[in-house]
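Undergrad: just coords:
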């Protein structure tokens, strides 16, 4: 145990010296009207620039990877320019921001994809529903990708990484969690392929590792992170042996020299639904040789504790950052926290987005 390490201890993350170990977790907010980032989003992220690192909301690498209404993309010149508004504003405040690259896979619907079926490793529907321009609909059975198509999706991630560089980001995070495409290839409940991308753990990890290689070829390993969720049950996800599956994948990631691995602890729903792996982070700390970010409902005391026990190097915060733009200051002062309003998590305007008060405004 190292009691001198806490949330406010500076840390080296890849080439960057961060002033604290508090990460703003990626959070979907659906304010990118017509999938284009905008000035309202720039305000939102800039308000939170005191984080040691900001990770953007999930950002689609192609039109057929859009899983939600008004989620941002990174595949057009207009989207790149919109994200440039965000990165320039964050950098003016001294912040660092990574773009989360994302393909939704089967977690989409033809109403969102111009009539096209979603794609996935196997023709197995996810569990759940989505909001679409035609209302709330259940997930449909996706189309299984042909083997020769997969290289094209890997290339889309690579192009997204190039576009993120043009847009001025400090790095990128690959979204390999929460039942989206990378996760769908990795876990055996969603991957029942019989080619080189299915069957064995090595084969199911192939897509993930090919995407990592494509993206690190653009950025170098030390400006690329990846997010994984070994206990995730979202959208009907599961694996018959998550310790073995994720242990293999995480060990294979060691060779890339990544900026970080971002691991998700199970949420209350996961824990209540069935037996899931818990805790996640301390187990894989023994396998992953690089910088580790943990996420899972942390507060000041629990965040300090996992760092002091050397089970993680940084801690990411989601909902607390949503409602508290100055979260690092509030945590350091043990100040009262704003309560997030769930009704405004996903909307199109500033309400519940950029109007949460800062500490000094509440005190005046």
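TA: Nice, I can see it. Quick caveat, the model's predicted, so the values are computed rather than measured. Residues are numbered from 1 along each chain as shown.
Undergrad: list the buried ones in the top strand by length along the chain?
TA: Ranked by residue count under DSSP state E, the longest strand found in the chain is strand 53-60. Going by neighbour count (16 or more other C-beta atoms under 10 Å), the buried part of strand 53-60 is 53-60. For the C-beta atoms, the positions are set from N, CA and C on the backbone; glycine is no exception.
Undergrad: now stretch 69-80
TA: 69-75, 79-80.
Undergrad: can you check stretch 321-334 too?
TA: So for stretch 321-334, counting by 16+ other C-beta under 10 Å, buried means 321-328, 330-331.
Undergrad: so what's residue 156 up against?
TA: Counting by C-beta atoms under 8 Å, 6 or more residues apart in numbering, residue 156 touches 61-62, 65, 75, 103.
Undergrad: and residue 33, by the same measure?
TA: Here residue 33 is in contact with 70, 348 (criterion: C-beta under 8 Å, 6+ apart).
Undergrad: where's it relative to residue 73, distance?
TA: Using C-beta to C-beta, to the nearest Å, residue 33 is found at 12 Å from residue 73.
Undergrad: hang on, the earlier thing: could you export the buried residues of stretch 321-334 as a markdown table, including pLDDT, distance to residue 119 and secondary structure?
TA: Formatted as a markdown table, these follow (pLDDT from 0 to 100; distance: C-beta to C-beta, whole Å; DSSP: H, G, I helix; E, B strand; the rest coil):
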| residue | pLDDT | distance to residue 119 | secondary structure |
| --- | --- | --- | --- |
| 321 | 96 | 32 | helix |
| 322 | 95 | 31 | helix |
| 323 | 96 | 36 | helix |
| 324 | 97 | 38 | coil |
| 325 | 97 | 37 | coil |
| 326 | 97 | 41 | coil |
| 327 | 97 | 37 | helix |
| 328 | 97 | 40 | helix |
| 330 | 97 | 42 | helix |
| 331 | 96 | 41 | helix |
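Undergrad: what's the closest of the residues you listed to residue 224?
TA: residue 321 (22.1 Å; C-beta to C-beta).
Undergrad: doesn't residue 50 make contact with the closest one?
TA: No - contact between residue 321 and residue 50 fails when scored by C-beta atoms under 8 Å: they sit 10.2 Å apart.
Undergrad: list residues touching both of the two?
TA: residue 327.
Undergrad: where does the stretch 1-150 of the chain dip in pLDDT?
TA: Within the stretch 1-150 of the chain, the set of residues satisfying pLDDT under 70 comprises 1-3.
Undergrad: switch to 50 and redo it
TA: Across the stretch 1-150 of the chain, nothing is flagged by pLDDT under 50.
Undergrad: quick one: contacts for the closest residue to residue 18 other than its chain neighbours?
TA: Distance criterion C-beta to C-beta, 6 or more residues apart in numbering; nearest residue to residue 18, sequence neighbours excluded, is residue 52 at 3.8 Å. By C-beta under 8 Å, 6+ apart, the contact set of residue 52 is 11, 13, 18-23, 96, 314, 328.
Undergrad: pull the most distant pair out of these.
TA: 13 and 328 (15.3 Å).
Undergrad: report the buried residues of stretch 292-311.
TA: Buried residues in stretch 292-311, counted by 16+ other C-beta under 10 Å: 292-296, 298, 300, 303-307, 311.
Undergrad: okay if I get those as CSV plus distance to residue 127, secondary structure and pLDDT?
TA: Conversion of the buried residues of stretch 292-311 to CSV gives the following (distance: C-beta to C-beta, whole Å; DSSP: H, G, I helix; E, B strand; the rest coil; pLDDT from 0 to 100):
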residue, distance to residue 127, secondary structure, pLDDT
292, 30, strand, 98
293, 28, strand, 98
294, 26, strand, 97
295, 23, strand, 96
296, 22, coil, 92
298, 28, coil, 93
300, 35, helix, 95
303, 32, helix, 95
304, 37, helix, 96
305, 34, helix, 95
306, 31, helix, 96
307, 35, helix, 97
311, 31, coil, 96
